[in-house]
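Trainee: fold the stuff below for me.
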Amino acid sequence: MTRAKKEVKDGIEISIVLPCLNEELTVGTCVTKALAFLKTNSLCGEVIIADNGSRLRGDKTGC
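Mentor: All right, here's what the predicted structure looks like:
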């Protein structure tokens, strides 16, 4: 079976972990690029944002 024909039920092939600390201005762009990478490469994956104690408005931006 080719990767393009793989079904989602096969599970996650890759996890992209984005560590962040006060990245409220850039985290959205990083997530968008990571999701585009998964789509472009026909990968079933997830994007995980790991907050390392941000002090900005991270509670409203995902980081």
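Trainee: quick one: the helices in this protein?
Mentor: Using DSSP state H, the helices found in the chain span residues 27-40, 58-61.
Trainee: okay, the residue positioned nearest the centre of the chain: pLDDT?
Mentor: Closest residue to the average C-alpha location of the chain: Val47 at 2.2 Å, with C-alpha atoms, centre = their mean. In this model, Val47 is scored at 96, pLDDT.
Trainee: can you pull up the bridge partners for it?
Mentor: Taking DSSP bridges as the rule, Val47 bridges to Ile16.
Trainee: so how far is Arg55 from it?
Mentor: To Arg55, Val47 is 23 Å away according to C-beta to C-beta, to the nearest Å. (Each C-beta comes from the backbone N, C-alpha and C, glycine too.)
Trainee: same question for Ser42.
Mentor: On the measure of C-beta to C-beta, Ser42 and Arg55 end up 38 Å apart.
Trainee: of these two, who's got more company?
Mentor: Neighbours per residue (other C-beta atoms under 10 Å) separate Ser42 from Arg55, with Ser42 holding more: 12 against 8.
Trainee: from Asn52, how far out is the more buried one?
Mentor: Distance from Ser42 to Asn52, by C-beta to C-beta: 31 Å.
Trainee: what's the answer for Ala36, then?
Mentor: 24 Å.
Trainee: ok, back up a step: right, and the residue nearest to the centre of the chain touches Lys33 too?
Mentor: No. The criterion here is C-beta atoms under 8 Å, and Val47 misses it with Lys33 at 9.6 Å.
Trainee: which of the helices of the chain comes out lowest on mean pLDDT?
Mentor: Averaged per stretch, pLDDT over the helices of the chain is lowest on helix 58-61, reaching a mean of 51.
Trainee: so who does the residue nearest to the centre of the chain touch?
Mentor: Contacts for Val47 (C-beta atoms under 8 Å, 6 or more residues apart in numbering) come out as 15-16, 18, 31, 34-35, 38.
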